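In: take a look and give me a structure for this.
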Amino acid sequence: MSPASKNEVSAGNWKLALKKSNLAERARITTNIRVFFVERSFLEVSTPHRIPTNAPEIHINPIPSGDWQLHTSPELCMKRLLAAGYERLFQICPCWRQDELGSRHLPEFTLLEWYEAGADYRKQMTDCEELLCALVPGNVLIYQGREVILTRPWERLSISDAFSRYASISMDDALVKDRFDEIIALEIEPHLGIDKPLFLYDYPVEKAALAREKPGNAKVAERFELYVCGLELANGFSELNDAAEQRLRFEREETARRRTGRPPRPLPEKFLAELSAMPQAAGIALGLDRLIMLLTNAEKIDEVVAFTPEML
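Out: The predicted structure is shown next:
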């Protein structure tokens with residue numbers, strides 16, 4: 001290789017060189033996460049990344065892989081393990097979603113997911129508190145010049161109260177006008193978790209995804225999202241294990257997908273066939289790349305992953 005070629009290689013690698021300290025910190029944090037769950041008797045598992053079909057969700061577009069798809073989350077396979085008698089599971093794995101690229105999004109990203117039989121969404125809120133406090137022993141996080149206090153308990157705010165406090169229209173109007181997600185993103189999220197982490201909880205059942213209804217209130221699902229510094233970090237449920245209800249939700253979502261012109265996809269039949277054997281449980285997906293952003297004070301997600309698409 002000529003000296004000129006060597007200089008070209010060096011020039012091309014400067015972005016990678018700048019990430020070295022963040023990538024070293026990422027490795028340390030990931031190791032500590034594994035220790036956290038192993039000490040609590042969770043089993044680390046690895047499930048297939050290429051699957052026949054994902055759970056249909058209108059706002060999530062899977063990436064095709066031949067006649068199958070790359071998984072958007074390991075959720076379906078991990079719940080099948082719950083149904084087979086595995087009581088506490090966690091996984092750290094890459095996931096893929098089309099059309100996700102920005103300062104907080106990548107089409108390939110890393111999720112931390114954990115599931116626990118006998119738990120509910122409130123137990124998983126506690127897990128989140130304990131995990132972040134374990135990763136930040138001083139309980140004070142400095143992110144982009146702002147001090148965030150992690151001392152427990154963290155704030156809990158219902159979706160209905162969040163709309164009343166911050167939104168320009170009511171939650172019911174937002175649902176009718178199909179503006180719910182827009183209002184959350186533009187008017188509510190910027191106010192959440194600014195000085196202390198916040199759980200946004202009790203989503204309307206129309207936004208339940210795979211969460212069960214709240215006992216005594218069929219309009220609400222036991223779902224929450226965790227926010228720190230206006231950044232959505234995690235999405236958790238008390239899991240639905242009613243196979244008939246889950247099939248109805250999947251069918252509605254798949255119909256909505258097709259109305260937007262997206263190609264039809266089969267439902268995850270093996271998952272649905274085994275769902276009734278799954279015990280009462282809770283599960284959560286936490287964006288590991290975003291967590292690393294917070295813990296390394298990185299402004300953009302590009303700073304905490306080795307390669308972004310444009311670098312390949």
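In: got the contact list for Leu288?
Out: Counting by Cβ atoms under 8 Å, 6 or more residues apart in numbering, Leu288 touches Thr30, Ile33, Ile92, Phe109, Thr110, Leu111, Leu112. (Each C-beta comes from the backbone N, C-alpha and C, glycine too.)
In: let's see that with 7 Å instead.
Out: Contacts of Leu288 were listed using Cβ atoms under 7 Å, 6 or more residues apart in numbering, and they are Ile92, Thr110, Leu111, Leu112.
In: list the strands paired with the helix or strand in which Phe199 is found, with their directions.
Out: According to DSSP states H and E, Phe199 maps onto strand 198-204. Strand pairing for strand 198-204, determined by DSSP bridges: strand 155-158 (parallel), strand 217-228 (antiparallel).
In: please work out which residues outside the helix or strand that that strand is followed by touch it.
Out: Going down the chain from strand 198-204, the next helix or strand is strand 213-214, by DSSP H and E. Strand 213-214 is contacted from outside by Asp202, Val205, Val220, Ala221, Glu222, using Cβ under 7 Å, 6+ apart.
In: what of stretch 250-270?
Out: Outside stretch 250-270, the residues that touch it by Cβ under 7 Å, 6+ apart are Thr53, Ala55, Pro56, Glu57, Ile58, Leu76.
In: pick out the lowest-pLDDT one from those residues.
Out: Lowest pLDDT of the contacts of stretch 250-270: Ile58, 87.
In: picking that back up, looking at the strands paired with strand 198-204, which is closest to Leu135?
Out: Closest to Leu135 of those, according to Cβ to Cβ: strand 217-228, at 11.8 Å.
In: how about the closest one: buried residues?
Out: Within strand 217-228, the residues that qualify as buried are Val220, Ala221, Glu222, Arg223, Phe224, Glu225, Leu226, Tyr227, Val228, counting by 16 or more other Cβ atoms under 10 Å.
In: swap in stretch 206-217?
Out: Neighbour-count burial for stretch 206-217 flags Ala208, Ala209, Leu210, Ala211, Arg212, Glu213, Lys214 (criterion: 16+ other Cβ under 10 Å).
In: relative to Ala298, how far out is the closest residue to the first one other than its chain neighbours?
Out: Looking back up the chat, that one is Ala208. Nearest residue to Ala208, sequence neighbours excluded (Cβ to Cβ, 6 or more residues apart in numbering): Ala221, at 3.4 Å. Distance, Ala221 to Ala298, by Cβ to Cβ, to the nearest Å: 33 Å.
In: restrict the biggest helix by length in the chain to CA atoms and write it as PDB.
Out: What stands out as the longest helix in the chain, according to DSSP state H, is helix 20-39. Extracted in PDB, the C-alpha atoms of helix 20-39 (Å, rounded to 0.1, in the frame of the first residue of the first chain):
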ATOM      1  CA  LYS A  20     -13.100   5.100  21.200                       C
ATOM      2  CA  SER A  21     -13.900   6.300  24.700                       C
ATOM      3  CA  ASN A  22     -17.700   6.100  24.200                       C
ATOM      4  CA  LEU A  23     -17.400   2.500  22.800                       C
ATOM      5  CA  ALA A  24     -15.200   1.500  25.700                       C
ATOM      6  CA  GLU A  25     -17.800   3.000  28.100                       C
ATOM      7  CA  ARG A  26     -20.600   1.200  26.200                       C
ATOM      8  CA  ALA A  27     -18.800  -2.100  26.700                       C
ATOM      9  CA  ARG A  28     -18.400  -1.400  30.500                       C
ATOM     10  CA  ILE A  29     -22.100  -0.400  30.800                       C
ATOM     11  CA  THR A  30     -23.300  -3.500  28.900                       C
ATOM     12  CA  THR A  31     -21.200  -5.700  31.200                       C
ATOM     13  CA  ASN A  32     -22.800  -4.100  34.300                       C
ATOM     14  CA  ILE A  33     -26.300  -4.600  32.800                       C
ATOM     15  CA  ARG A  34     -25.600  -8.300  32.400                       C
ATOM     16  CA  VAL A  35     -24.300  -8.500  36.000                       C
ATOM     17  CA  PHE A  36     -27.500  -6.700  37.200                       C
ATOM     18  CA  PHE A  37     -29.800  -9.200  35.700                       C
ATOM     19  CA  VAL A  38     -27.700 -12.400  36.400                       C
ATOM     20  CA  GLU A  39     -27.500 -11.400  40.100                       C
END
